[in-house]
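Student: Need coordinates for the following:
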Amino acid sequence: MLNYKYAEVSKGKKWYVHYMVINPASGKLARKRIYLQHIKDAKLRDRYARKLCNKINDKLDQGWNPFITEKSNKQYTEIRKAFDYLLVFKGSYLSKRGIDTYKSRIGVFLEWLKKQKMDNVFVFEFKDSHAIAFFDYLLLERKLSGRTFNNYLLDFRTFFNFFIKQRYASENPFVAVSELPETEKEKQPFTQEEATLYRDYCVEHEQAFYVISGLCYYCGLRPVEITRLRVGQVDRANRLVKLPGTSTKSKKNRTVPIPDVFWPLLEKFIDNANAKDYVCGSGYAPNAQPIAATRIADKFRAIARRIGLPEYVKFYGLKDTAAE
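Tutor: Coordinates of the predicted model:
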């Protein structure tokens with residue numbers, strides 16, 4: 001069965017050529033009309049109409065579809081396939097951790113689309129109202145915090161900006177979604193009792209993690225900076241930690257002095273390691289195998305629960321404790 005109907009001439013008060021062809025957006029035949037009233041002479045109009053029908057029918061036989069032009073054919077891409085391409089493209093230069101975050105958020109989105117029976121939707125069919133409904137779902141059903149909600153929003157705006165550049169879409173529906181106000185994270189330093197309890201436990205049972213904790217307490221390093229720090233970036237002669245811009249929050253190189261009280265402990269910790277080893281690698285010790293920054297928080301929480309520290313006490317609170 002043909003997915004089109006040949007062009008014919010309709011003669012009446014208004015003359016026009018009409019034909020039918022599949023509209024990819026609906027999957028159904030849709031009518032197209034070309035009006036001929038601008039040709040005043042009836043004989044010329046009839047001759048032009050017949051020639052136009054023949055031209056249209058030849059193009060239809062060759063697979064032509066006026067709903068799909070060179071400019072818009074990419075828009076008839078299912079949103080799942082568009083996201084598949086996005087992950088391949090972004091994966092060529094983003095870190096594994098960044099891609100894993102994208103995969104997680106896209107997975108949540110595709111799962112929601114399936115529940116809405118929209119998993120076969122074309123990119124251009126996804127509108128502002130759908131974007132708002134998805135973020136209502138994230139907020140009301142998945143109970144995202146303001147910060148995580150806004151991170152999702154930033155990513156999905158980025159995704160659709162990519163789709164616009166790739167000609168999958170002509171507008172970004174996530175612009176219609178408003179950011180949420182974020183509650184600033186409360187930075188809670190350790191009390192003297194909590195700090196003493198934590199130190200004594202680590203010295204006796206978790207000596208490697210005690211050194212890692214010292215990088216936060218004495219040098220003010222963030223977990224991601226700690227896990228990206230290599231042994232060769234510790235300047236032993238000058239007792240400095242030299243952080244490249246790829247590791248820091250500001251994206252700028254940073255040099256941090258190592259206090260005298262902490263240096264002997266750190267020096268012994270890295271003494272037999274290779275320059276390319278991560279200071280906090282696998283096992284929370286110098287190792288060629290890196291670990292994710294979240295592993296530090298996981299380890300700290302396990303210790304904190306074991307010794308009875310309250311949930312609001314965080315690993316990064318060590319930095320604020322040192323500043324007091």
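
Student: Can you report how many residues neighbour A292?
Tutor: Using other CB atoms under 10 Å, A292 has 14 neighbouring residues. (C-beta placed from N, C-alpha, C; glycine too.)

Student: dump the residue contacts of it.
Tutor: By CB atoms under 8 Å, 6 or more residues apart in numbering, A292 lies in contact with 97, 227.

Student: Tell me the pLDDT of it.
Tutor: pLDDT, A292: 90.

Student: name the element it belongs to?
Tutor: Using DSSP states H and E, A292 falls within no helix or strand.

Student: R222 versus that one, what's the distance?
Tutor: 13 Å (CB to CB, to the nearest Å).

Student: Tell me where the model's unsure across the protein.
Tutor: 1, 69-73, 183-187, 322-324 (pLDDT under 70).

Student: List phi and psi for Y312.
Tutor: phi -70, psi -10 (degrees, to the nearest 10).

Student: Grab the nearest non-local neighbour of it.
Tutor: Of all residues not flanking Y312 in the chain, Q188 sits nearest, at 5.2 Å (CB to CB, 6 or more residues apart in numbering).

Student: Surely the one you found is in contact with D320?
Tutor: Yes. Shown here, Q188 and D320 form a contact pair, counting by CB atoms under 8 Å, at 7.4 Å.

Student: re the thing from before, mind checking what secondary structure the residue nearest to Y312 has?
Tutor: coil (DSSP: H, G, I helix; E, B strand; the rest coil).

Student: I'd like to know how many residues surround it.
Tutor: For Q188, using other CB under 10 Å, the count is 15.

Student: tell me the contacts of it?
Tutor: Q188 touches 312-314, 317, 320, counting by CB under 8 Å, 6+ apart.

Student: same check, this time on I34
Tutor: With CB under 8 Å, 6+ apart, I34 has these contacts: 16-18, 52.

Student: Could you pull up phi and psi at the spatially most central residue of the chain?
Tutor: The centroid of the chain falls nearest to Y102 when counting by CA atoms, centre = their mean (3.7 Å). The phi/psi pair for Y102 (degrees, to the nearest 10) reads phi -60, psi -50.

Student: follow-up on the earlier one: who wins for neighbours among the contacts of I34?
Tutor: Going by other CB under 10 Å, V17 tops these with 20 neighbours.

Student: So what touches the strand or helix carrying it?
Tutor: V17 belongs to strand 16-23 when assigned by DSSP H and E. Strand 16-23 has contacts (CB under 8 Å, 6+ apart) with 3-10, 28-36, 49, 52-53, 56-57, 60, 65-67.

Student: So which of those residues are in helices?
Tutor: 49, 52-53, 56-57, 60 (DSSP state H).

Student: Parallel or antiparallel, list what pairs with the strand holding V17.
Tutor: strand 4-10 (antiparallel), strand 28-35 (antiparallel) (DSSP bridges).

Student: Just name the most buried of those strands.
Tutor: strand 4-10 (a mean of 16; mean count of other CB atoms under 10 Å).

Student: could I have that strand exported to PDB, CA atoms only?
Tutor: Extracted in PDB, the C-alpha atoms of strand 4-10 (Å, rounded to 0.1, in the frame of the first residue of the first chain):
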ATOM      1  CA  TYR A   4       0.700   8.700  -0.400                       C
ATOM      2  CA  LYS A   5      -2.200   9.500  -2.900                       C
ATOM      3  CA  TYR A   6      -1.500  11.000  -6.300                       C
ATOM      4  CA  ALA A   7      -2.200  14.600  -7.000                       C
ATOM      5  CA  GLU A   8      -5.400  15.600  -8.700                       C
ATOM      6  CA  VAL A   9      -7.000  18.800  -9.900                       C
ATOM      7  CA  SER A  10     -10.100  20.100  -8.100                       C
END
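
Student: follow-up on the earlier one: redo the contacts of Q188 as a markdown table? Include neighbour count and distance to V88.
Tutor: Shown next, in a markdown table, are these (neighbours: other CB atoms under 10 Å; distance: CB to CB, whole Å):
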| residue | neighbour count | distance to V88 |
| --- | --- | --- |
| Y312 | 8 | 41 |
| V313 | 19 | 42 |
| K314 | 21 | 36 |
| G317 | 22 | 40 |
| D320 | 16 | 42 |
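
Student: you'd agree K314 is in a helix?
Tutor: No. Counting by three-state DSSP, one finds K314 to be coil, located in no helix.

Student: OK, contacts around it?
Tutor: Residues counted as contacts of K314 (CB under 8 Å, 6+ apart) are 188, 297, 300.

Student: ok, then the element right after the helix or strand hosting the second one?
Tutor: Right, A297. Per DSSP H and E: A297 is located in helix 294-307. Per DSSP H and E, the first helix or strand lying C-terminal to helix 294-307 is helix 317-323.
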